[in-house]
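**Q** mind folding the following:
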Amino acid sequence: SEALIRRLEDVKNSINSYTMNMTAIEIGRASLAEEDYFRKIIGKIKATRERLTRELSGLGFRTLPSGANFIFTTHESVPAKDIFEKLRERHIFVRYFAKKGIDNYLRISVGTDEETDKLIAAMREITQKAI
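**A** Prediction:
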């Protein structure tokens, strides 16, 4: 019945939040055919991530090593929640988790060079005002 299928889908999706459908599979297959483009984009993400990490380090941030398209960072004296709120006021969105052990870290996705410049400028302003 439809209700049973819906329930099974709910259970499946609760276990695997990144479900695959035929469209996603075909897009993935097509992307594999574009290896040069894929490698170029990976290189760009890595370079931007490394630049972001260096720039934030100069502002008093300590960033955990990352091989992903995001960083996990904390400031030496300004609470992550304060930075998160000040960035949100500027319409710059990062992730903040109010969970013990990681509640003083921000998860920041690597964006375009323009977005990264905007983020760094905002971080500079926020951290200098707080000190």
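**Q** and stretch 21-39, how far apart are its ends?
**A** One end of stretch 21-39 to the other measures 25 Å (C-alpha to C-alpha, to the nearest Å).
**Q** and it, how far out from the chain middle?
**A** Relative to its chain's centre, stretch 21-39 lies at 22 Å (C-alpha atoms, centre = their mean, to the nearest Å).
**Q** report the rounded mean pLDDT for that stretch.
**A** In this model, stretch 21-39 has an average pLDDT of 85.
**Q** same check, this time on stretch 60-80
**A** pLDDT averaged over stretch 60-80 gives 97.
**Q** residues in contact with that stretch?
**A** 45, 49, 52-53, 56-57, 59, 83, 96, 102-110, 123, 126-127, 130-131 (C-beta atoms under 8 Å, 6 or more residues apart in numbering). (C-beta placed from N, C-alpha, C; glycine too.)
**Q** give the next helix or strand downstream of the longest strand along the chain.
**A** Assignment by DSSP state E gives strand 70-75 as the longest strand of the chain. Heading C-terminal from strand 70-75, the first helix or strand you meet, by DSSP states H and E, is helix 80-89.
**Q** that following helix: which residues count as buried?
**A** 80, 83-84, 86-87 (16 or more other C-beta atoms under 10 Å).
**Q** which secondary structure elements does the helix or strand hosting residue 56 sit against?
**A** Here residue 56 sits within helix 35-58, counting by DSSP H and E. If you count contacts as 3 or more C-beta pairs under 8 Å, 6 or more residues apart in numbering; DSSP states H and E, helix 35-58 packs onto strand 61-63, strand 70-75, helix 113-130.
**Q** now that helix and helix 113-130, what's the angle there?
**A** If you take axes from the mean of the first three to the mean of the last three C-alpha atoms, to 10 degrees, helix 35-58 sits at 10 degrees to helix 113-130.
**Q** who touches helix 35-58?
**A** Outside helix 35-58, the residues within contact range by C-beta under 8 Å, 6+ apart are 31-32, 63, 66, 69-71, 73, 108, 110-113, 116, 119-120, 123.
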